[in-house]
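**Q** next input, structure requested:
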Amino acid sequence: MGIFSRTRDIVAANMAELLDRADDPAKMVRIIIAEMEDTLVEVRASAARTIADQKEMRRHIAKLAELEASWTEKAELALSKDREDLAKAALVERRKAADMGAQLREEVTGLDEALRSSEEDIAKLQNKLREARAKQNAIATRLESANTKARLREMWNGPKTHEAFSRFEVLERRADEAEGRAEAMGLTPRSLEDEFNELRSNDKIDAELEALKKRLNKEG
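**A** Here you go, the predicted model:
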């Protein structure tokens, strides 16, 4: 026996409450959807049988109506021939056909009500199934997001990442040392821009020196 034993149990079920109580919401929602799909198939199959029964009963009702008309004609024929006994027998048969037809019409009416109930159940089940599938998609999205975050954190905090950054630091240190040795040995070539910057710097220093001399001369 599954989670839902009857259609009304599914319709009354609160998806959020069921999932909140579940240890594994993703597994739980898969089970719920499977139960709903199976129940929906059963309800539709029942509705199909009801429709088939209705069609068969209506065919019998039509045949009984023809039979009733036939016995009416026979009763009239018997009376026209002064055979009251035969006319009475024909009317008895007509009554049997009429009673059977009335009984079948009542059954068809009952099947109409059952079919309307099945249609309502199918609509409610479909709505619940859509709700469950929406929950399934939401859970899947949340789980995927959580797994992605976990993988990123694992990668960032993992030994391989730390080892890689440690290697970068070693390489950067080696590059700094190589550049320092090259500069110390005067092997680093000066660019044309460096030459002009030095000229500008010298001009500024000369100008400041002249200004300082003039100020001292005035004060002396």
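**Q** and the gap between Glu84 and Ala98?
**A** Per C-beta to C-beta, to the nearest Å, Glu84 is found 20 Å from Ala98. Every C-beta, even on glycine, is put in place using the N, C-alpha and C of the backbone.
**Q** more neighbours: which of these two?
**A** Ala98 (16 against 11; other C-beta atoms under 10 Å).
**Q** skip the chain neighbours and tell me the closest residue to the more buried one.
**A** Nearest non-adjacent residue to Ala98, counting by C-beta to C-beta, 6 or more residues apart in numbering: Glu68, 5.4 Å away.
**Q** check which helix or strand covers that neighbour.
**A** According to DSSP states H and E, Glu68 maps onto helix 25-80.
**Q** ok now stretch 26-42, how far from the chain's centre?
**A** Stretch 26-42 sits 13 Å away from the centroid of its parent chain (C-alpha atoms, centre = their mean, to the nearest Å).
**Q** distance from stretch 134-152 to the middle of the chain?
**A** Counting by C-alpha atoms, centre = their mean, stretch 134-152 comes out at 13 Å from the chain centroid.
**Q** with stretch 127-141 instead?
**A** 4 Å.
**Q** give me the mean pLDDT for it.
**A** The predicted model gives stretch 127-141 an average pLDDT of 82.
**Q** swap in stretch 205-219?
**A** pLDDT averaged over stretch 205-219 gives 80.
**Q** how about that stretch as PDB, C-alpha atoms only?
**A** Output in PDB follows, covering the C-alpha atoms of stretch 205-219 (Å, rounded to 0.1, in the frame of the first residue of the first chain):
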ATOM      1  CA  ILE A 205      65.900  69.800  -9.000                       C
ATOM      2  CA  ASP A 206      68.000  72.500 -10.800                       C
ATOM      3  CA  ALA A 207      65.100  74.900 -10.600                       C
ATOM      4  CA  GLU A 208      64.600  74.200  -6.900                       C
ATOM      5  CA  LEU A 209      68.300  74.700  -6.300                       C
ATOM      6  CA  GLU A 210      68.300  78.100  -8.000                       C
ATOM      7  CA  ALA A 211      65.200  79.100  -6.000                       C
ATOM      8  CA  LEU A 212      66.900  78.100  -2.800                       C
ATOM      9  CA  LYS A 213      70.000  80.200  -3.600                       C
ATOM     10  CA  LYS A 214      68.000  83.300  -4.400                       C
ATOM     11  CA  ARG A 215      66.100  83.000  -1.100                       C
ATOM     12  CA  LEU A 216      69.300  82.700   0.900                       C
ATOM     13  CA  ASN A 217      70.900  85.600  -0.900                       C
ATOM     14  CA  LYS A 218      68.000  87.800  -0.100                       C
ATOM     15  CA  GLU A 219      68.000  86.800   3.600                       C
END
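**Q** quick check: buried residues in it?
**A** Residues of stretch 205-219 classed as buried by neighbour count (16 or more other C-beta atoms under 10 Å): none.
**Q** kindly report the same for stretch 76-92.
**A** Per 16+ other C-beta under 10 Å, stretch 76-92 contains these buried residues: 78, 87, 90-91.
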